[in-house]
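Student: Any chance you can model this:
(one chain, ligands or ions: 1)
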Amino acid sequence: MNAHKKTLGDLRSQRWFGATDLRSFGHRSRMLQMGYERADFTGKPIVGIINTWSDINPCHLHFRERVEQVKRGVWQAGGFPIELPALSLSENFVKPTTMLYRNLLAMEVEELLRQHPVDGAVLMGGCDKTTPGTVMGGISMNLPMIFLPAGPMMRGHSGGKILGSGSDVWKYWAEKEAGTITTQQWNDMEAGIARTFGTCMTMGTASTMTSIAEALGLSLPGAASIPAADADHPRMASACGRRIVEMIWEDLKPSDILDRRSVENALVVHNALAGSTNAMIHLVAMAGRAGIPIKLSEFDDFAQKVPVIANLRPSGAWLMEDFHIAGGIRALMVRLSPLLHLDARSVTGGTIGDGLAGMSVYNDDVIRPLDKPIVESGGTAILYGNLAPHGCVIKPPAADPRFLKHTGPALVFDDYDAMSAAVNDLDLDVTPDHIMVLRNAGPIGGPGMPEWGMLPIPKVLLRQGVRDMLRISDARMSGTSYGACILHVSPESAAGGPLAAVRNGDLITVDVSERRIHLHLDEAEIAARVASFVPPDRAYPRGYNRLFAQHVRQAHEGCDFDFLEGAGGIPEPEIH
Ligand code: FES
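Tutor: Residues are numbered from 1 along each chain as shown. Below you'll find the predicted structure:
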């Protein structure tokens, strides 16, 4: 445990409340106006609680209560809590895609913390982009902070079947389109798949990112796997409130915690979970804020040495509730101990290893031993070639093995609507060997790189029993998706990437074992076609979309804004 380094006079909030000038009079009188006693807020660390609650975010529906439980912890430890509402970014409802707004949330969090009299922060998030968004902002502001995950919802069920978020939606939609389940069964699933508040309960993007936040050392041990509706969750919320007050006195900041070891721990955990491909964008961006570069190829390097041991959907059989009962993220990290930097730092003030003490695995099928994994290695592959000079991503275990080495003719779509119409056409000229291509779906082209990467299989093929085919795009896909989907092609077509050169019938070869993706055209022809390609008009005249299109980085660089990368460099606000 750190020795206390700060005294009251060192606290940032004292610049607002500790002086005897006219402006401090105003600050204190306005606190009194809100009904607080002077003793409530003077002489105490002030904790900003970033709350991403909204009426239309079912994943964070409990945050109205949880924030009170965080405040309880802050009061118990002798701090003063201030709730600061931030963008909620509900994955289901925000259009065109929450990814368009992750950086806006990061900016909002950084500026909320900068502009207010706070000494440290608890960041409340969980629904996909809210973890990287809040954490990126927190890292850049570099005040003491803890990330509190929303926690997954309980298992879904319908008709006696256990249902998992996302994954079972895609699966049963395909069955509905193929005519193998009834409309009544489909409607029953709609009511049964999401039973409680909390994030998706498969190992989708939400649980991948909260697990990564914990592996980075930014959450209290075990927080990432506690179900939202479990009584452990409010206890964790209060523990975060207590701990952040200690962290403020200890002056334990993200820059004291994050280093190369933390990032490698996150890469290990990501691979052991067969985590969402979205992490390959978010972790690059989060580490970038801490000044720790990650190459896309490192995800592949770690995939070769880390077995997938979490038997969780969509790659495995179980759900997050089962994972928690099996010991959860701490138990997984105990299993991974030989591969982790146990001496990396944590918000506890100790090491990652300290946080695992006394923990063990309670179910060897949910969290497999290292020598009995779900997949021995290669949970992720990064492919390069003339179609993706800066790389693209595939999850080989989620694909039909026959597509891991495949050559086929391209079937190209320039926009999502055209593709959606075409796949419903029972006369579409397509075979199971075709390779579907969707472009104009990247960071600029989407805009915001929507989760369109699991391109729908044409109905005519579904009716023939086809359930997978090779698909390539510059889009992302949901962490709950699966199939032979090649994603994040970089650079994207709208930024002059070679995906712009592909035409119907061109042959494409994918060879995962050689990490190769190849368009069978010579370089001069590709260059000529790219030069004549007209991307969609994304020259927004004003507003956030304009800022986004002008400053977003490409997928392999984490899609952060060029002017937000790194920490520090911005002076504290003037107080007068
Ligand atoms: Fe919020 Fe999946 S929709 S976590």
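
Student: So for stretch 395-410, what gets flagged as buried?
Tutor: If you call a residue buried by 16 or more other C-beta atoms under 10 Å, then stretch 395-410 has these buried ones: 395-399, 403-404, 406, 408-410. C-beta coordinates here come from the backbone N, C-alpha and C atoms, glycine included.

Student: show me where pLDDT drops low in the stretch 251-400 of the chain?
Tutor: The stretch 251-400 of the chain contains no residues with pLDDT under 70.

Student: mind listing what the nearest residue to residue 392 once chain neighbours are set aside touches?
Tutor: Closest residue to residue 392 apart from its sequence neighbours, by C-beta to C-beta, 6 or more residues apart in numbering: residue 489 at 4.4 Å. Contact analysis of residue 489 by C-beta atoms under 8 Å, 6 or more residues apart in numbering lists 387-388, 392, 442, 472-474, 497, 499, 555.

Student: Regarding residue 489, what is its secondary structure?
Tutor: Classification of residue 489 by DSSP: H, G, I helix; E, B strand; the rest coil places it in coil.

Student: With the ligand as the reference, measure out to it.
Tutor: According to C-beta to the nearest ligand atom, to the nearest Å, residue 489 stands 24 Å off from the ligand.

Student: Ok, residue 289 next?
Tutor: Counting by C-beta to the nearest ligand atom, the gap from residue 289 to the ligand is 22 Å.

Student: show me what contacts that residue?
Tutor: 106, 136, 139-140, 560, 564-567.

Student: In TSV: those residues, plus distance to the ligand, neighbour count and secondary structure.
Tutor: Shown next, in TSV, are the contacts of residue 289 (distance: C-beta to the nearest ligand atom, whole Å; neighbours: other C-beta atoms under 10 Å; DSSP: H, G, I helix; E, B strand; the rest coil):
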residue	distance to the ligand	neighbour count	secondary structure
106	18	29	helix
136	18	30	helix
139	22	29	helix
140	24	25	helix
560	21	24	coil
564	24	19	coil
565	26	17	coil
566	28	13	coil
567	27	21	coil
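
Student: Of the residues you listed, just say which sits nearest to residue 428.
Tutor: When the contacts of residue 289 are compared for distance to residue 428 (C-beta to C-beta), residue 560 wins out at 38.4 Å.

Student: Which of the contacts of residue 489 has the largest number of neighbours?
Tutor: Neighbours here are counted as other C-beta atoms under 10 Å. On that basis the top member of those is residue 474, with 34 neighbours.

Student: thought that residue was touching residue 450?
Tutor: No - between residue 474 and residue 450 there is no contact under C-beta atoms under 8 Å: 10.4 Å.

Student: and for those two, which residues touch both?
Tutor: With C-beta under 8 Å, 6+ apart, residue 474 and residue 450 have common neighbours residue 441.

Student: Now the residue nearest to residue 392: phi and psi?
Tutor: Dihedral pair for residue 489: phi -50, psi 120, per degrees, to the nearest 10.

Student: same check, this time on residue 424
Tutor: Torsion angles, degrees, to the nearest 10, at residue 424: phi -90, psi -10.

Student: need the contact list for it.
Tutor: Taking C-beta under 8 Å, 6+ apart, we find residue 424 in contact with residue 459.

Student: What residues of the strand or helix carrying residue 263 count as buried?
Tutor: If you go by DSSP states H and E, residue 263 is part of helix 260-272. Buried residues in helix 260-272, counted by 16+ other C-beta under 10 Å: 261-272.

Student: cool, stretch 67-82 as well?
Tutor: Within stretch 67-82, the residues that qualify as buried are 67-75, 77, 79-82, counting by 16+ other C-beta under 10 Å.

Student: got it, and stretch 409-427?
Tutor: Burial within stretch 409-427, assessed by neighbour count using 16+ other C-beta under 10 Å, is assigned to 409-414, 416, 419, 422-423.

Student: out of the residues you listed, who's nearest residue 228?
Tutor: For the buried residues of stretch 409-427, with residue 228 as the reference and C-beta to C-beta as the criterion, the closest is residue 416, at 31.6 Å.

Student: Enumerate every residue touching the nearest residue to the closest one once chain neighbours are set aside.
Tutor: Spatial nearest neighbour of residue 416, excluding adjacent residues (C-beta to C-beta, 6+ apart): residue 452 at 5.5 Å. Applying C-beta under 8 Å, 6+ apart to residue 452 gives the contacts 416, 438, 441, 446, 473, 475-477.

Student: Which single one of those is nearest to residue 279?
Tutor: Residue 279 has its nearest neighbour among these in residue 476, at 10.7 Å by C-beta to C-beta.

Student: ok, the closest one to the ligand distance?
Tutor: In terms of C-beta to the nearest ligand atom, residue 476 sits 14 Å off from the ligand.

Student: do you know how far that residue is from residue 44?
Tutor: As judged by C-beta to C-beta, to the nearest Å, residue 476 and residue 44 stand 43 Å apart.

Student: in the stretch 351-500 of the chain, which spans are helices?
Tutor: For the stretch 351-500 of the chain, the helices defined by DSSP state H, counting those that start in this stretch cover 416-423, 459-462.
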